[in-house]
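J.: with the sequence up front, the predicted model follows.
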Amino acid sequence: MTRGVDALTTAGWYEGRDVRDNALSAVLRTVALVEPVADGAAWVLFPAAERALREFHGLRLPPDGPGRDVAATGCVIDPTEARHALRPFLLLGEATGSRLFPFGRTDTDALLAVDEEGRLFAVDHGGRWQLGDTVREGVAALTEGRAPHRVAARRWAWDIPPMEDGKPLVNAVRTALVAVYVLHHRRVFSARELRLTVTTLRGIGGEAVDRAVPLPGGTLEENAAPLAATMEELIEARGATTTGAELKLTVRAPRNATVPLSSVSCAVRTGHSARAPAMTELSLSAGAGASVGRAREAVRSCSEDLSRYAGNPSP
């Protein structure tokens, strides 16, 4: 047996454990005693949480040694211990796209919750954390002192070398289309447009253009020049110019995309640096929910692909 399972066994857990009556009684107290919130939100029990509580409720686990990566901590598995954290776990659920139900509390007063996929999460003063892909894995991580995974938004950025033709807008469009391809290839989402924003760098720096430009069918090379020409026309129609202005192309999720992948986006900027106006910056952003599960792996793959395109080592 592993150390984590040894700690569980010592605490009274065994294969097939089912404390149904005690667990459901604790669930009822959790739901009934929660403080009301303005929008009427309440705890809702779902199958993964019920299974986890019936298997683990009532256990008190001590630390299993000093800790492998971080300080080990014990925990008590009782949903009433975290019932007052409705708002923080609602916000976490909105970010990940998966509801949570309170699960317990650690010896350091971090609050625990399990989500609809059976993953174990914690919220404390230091932030929001995923402890494991399963409750058993998460509890073992706590008692053994394995480093948790922070649930937080991330951003990567790369400088793209100027292309031989020396046209910053064309370079930016080509780079944005690469981002469109990568996001589609990695099954994040299929973008349908590029958002063009032109900000003048004189005076107060007002936005001269802020328009969505639909993506036509065809290959990247076929689309780059026509899209750049369309954007040039939009810019000129507003009496602006690509000189002395920041050009930004944003690749966002379509309206039917769901969280957490809908929080992912790419942006390409050029003209924003006075010292190097032809420099192009490519960035990838992902919300907190995209830092766990399948979304995390998809975003990581995107960052590696875009890093290779930029000629940089993987972040």
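T.: Happy to help now that I have it.

J.: check contacts around the nearest residue to Phe56 once chain neighbours are set aside.
T.: Counting by Cβ to Cβ, 6 or more residues apart in numbering, Ile77 is the residue found nearest to Phe56 once chain neighbours are left out, at 4.7 Å. From N, CA and C alone the C-beta is placed, and that goes for glycine too. Neighbouring residues of Ile77 by Cβ atoms under 8 Å, 6 or more residues apart in numbering: 53, 56-61, 103-104, 112, 139.

J.: can you do 7 Å?
T.: With contact taken as Cβ atoms under 7 Å, 6 or more residues apart in numbering, Ile77 is in contact with 56-59, 103-104.

J.: what about stretch 28-44, start to end distance?
T.: Start-to-end span of stretch 28-44 (Cα to Cα, to the nearest Å) is 10 Å.

J.: list the buried ones in that stretch?
T.: 30-31, 34, 43 (16 or more other Cβ atoms under 10 Å).

J.: which other residues reach it?
T.: By Cβ under 7 Å, 6+ apart, stretch 28-44 touches 79-80, 83-84, 86-87, 90, 99, 101-102.

J.: those in strands, which ones?
T.: Members of the contacts of stretch 28-44 lying in strands (criterion: DSSP state E): 101-102.

J.: show me where the stretch 1-150 of the chain has helices.
T.: Under the criterion DSSP state H, counting those that start in this stretch, the stretch 1-150 of the chain contains helices at 3-11, 20-33, 47-56, 86-96, 135-144.

J.: what stretches of the stretch 101-250 of the chain score poorly on pLDDT?
T.: 164-166, 202-205 (pLDDT under 70).

J.: out of the contacts of stretch 28-44, which end up buried?
T.: Buried among these (16+ other Cβ under 10 Å): 79-80, 83, 86, 90, 99, 101-102.

J.: any chance of the residues you listed in TSV with distance to Phe189 as columns?
T.: As requested, those are arranged in TSV below (distance: Cβ to Cβ, whole Å):
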residue	distance to Phe189
Pro79	35
Thr80	40
Arg83	36
Leu86	30
Leu90	25
Arg99	23
Phe101	29
Pro102	32
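
J.: ok, now how distant is the nearest residue to Arg154 once chain neighbours are set aside from Asn256?
T.: Leaving aside its chain neighbours, Arg154 sits nearest to Ala286 (5.3 Å; criterion: Cβ to Cβ, 6+ apart). Using Cβ to Cβ, to the nearest Å, Ala286 is found at 19 Å from Asn256.

J.: quick one, which of the two is more surrounded?
T.: Ala286 (25 against 8; other Cβ atoms under 10 Å).

J.: related to what we said a few turns ago, so which of the helices of the stretch 1-150 of the chain is the most packed in?
T.: Neighbour counts averaged per stretch over these are highest for helix 135-144, at a mean of 24; criterion: mean count of other Cβ atoms under 10 Å.

J.: hmm, who's touching that one?
T.: Residues contacting helix 135-144 (Cβ under 7 Å, 6+ apart): 3-4, 7-8, 52, 56, 61, 63-65, 68, 72-75, 106, 114, 118, 120, 131-132, 148.

J.: pick the one among the contacts of Ile77 closest to Val292.
T.: Phe103 (16.2 Å; Cβ to Cβ).

J.: many thanks, I have nothing further to ask.
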